[in-house]
Structure formats: C-alpha cells, structure tokens
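> no FASTA, just this:
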C-alpha cells in the first residue's frame, strides 16, 4: 500500500483560533462553526 500526502485548504477563525475544512470551499461561511461569530474572518480591534 502506497502512502500519499494530501493537502487541503482550510479556514481559521480570527476570534477563537478554530481551524476547519469548509464543506463548500467556493463559498465563505457566514459564521465560525465553533464560536458562531460572524466576524470570524476579521481580527479583533484594539480599544483605546
């Protein structure tokens, strides 16, 4: 049996650092599947 390395592109939540492989890679998800944040693709802004 031959071993093969498989590489997949995944997504990472900027809020909770959760990483996942999307079911539909052509669409961006609306929320993070773990923390349910709609801002998963935007880093937190620092308050001054």
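Now that the structure is in, tell me what you want to look at. Everything quoted here is computed from the prediction, not taken from an experiment.
> which non-adjacent residue is nearest residue 28?
In this structure, residue 28 finds its nearest non-sequential neighbour in residue 41, 7.0 Å apart by Cβ to Cβ, 6 or more residues apart in numbering. C-beta: built from backbone N, CA, C; applies to glycine.
> I figured that neighbour hits residue 22, correct?
No. Applying Cβ atoms under 8 Å, one finds residue 41 not in contact with residue 22, separated by 11.9 Å.
> overlap in contacts of the two?
Residues within reach of residue 41 and of residue 22 at once, by Cβ atoms under 8 Å, 6 or more residues apart in numbering, are residue 11.
> For the chain, which segments count as strands?
Using DSSP state E, the strands assigned to the chain run over residues 11-12, 19-20.
> Out of those strands, which one sits most buried?
The highest average neighbour count among the strands of the chain, using mean count of other Cβ atoms under 10 Å, belongs to strand 11-12 at a mean of 14.
> Now do that one: which elements does it pack against?
With contacts taken as 3 or more Cβ pairs under 8 Å, 6 or more residues apart in numbering; DSSP states H and E, strand 11-12 sits against strand 19-20.
> Residues in contact with the strand it packs on: which ones?
10, 11, 12, 13, 33, 34.
> what do you get for stretch 31-41?
So stretch 31-41 is contacted by 11, 13, 14, 15, 16, 18, 20, 28, 29, 30 (Cβ under 8 Å, 6+ apart).
> hmm, 6 Å instead?
For stretch 31-41, contacts defined as Cβ atoms under 6 Å, 6 or more residues apart in numbering pick out 13, 15, 16, 18, 20.
> Of these, which is the most crowded?
Neighbour tally across the contacts of stretch 31-41 (other Cβ atoms under 10 Å): the maximum, 20 neighbours, falls on residue 13.
> who's in contact with that one?
Residue 13 touches 32, 40, counting by Cβ under 6 Å, 6+ apart.
> circling back to that earlier point, of the contacts of stretch 31-41, which pair is most distant in space?
15 and 20 (13.3 Å; Cβ to Cβ).
> Sweet, I'm off.
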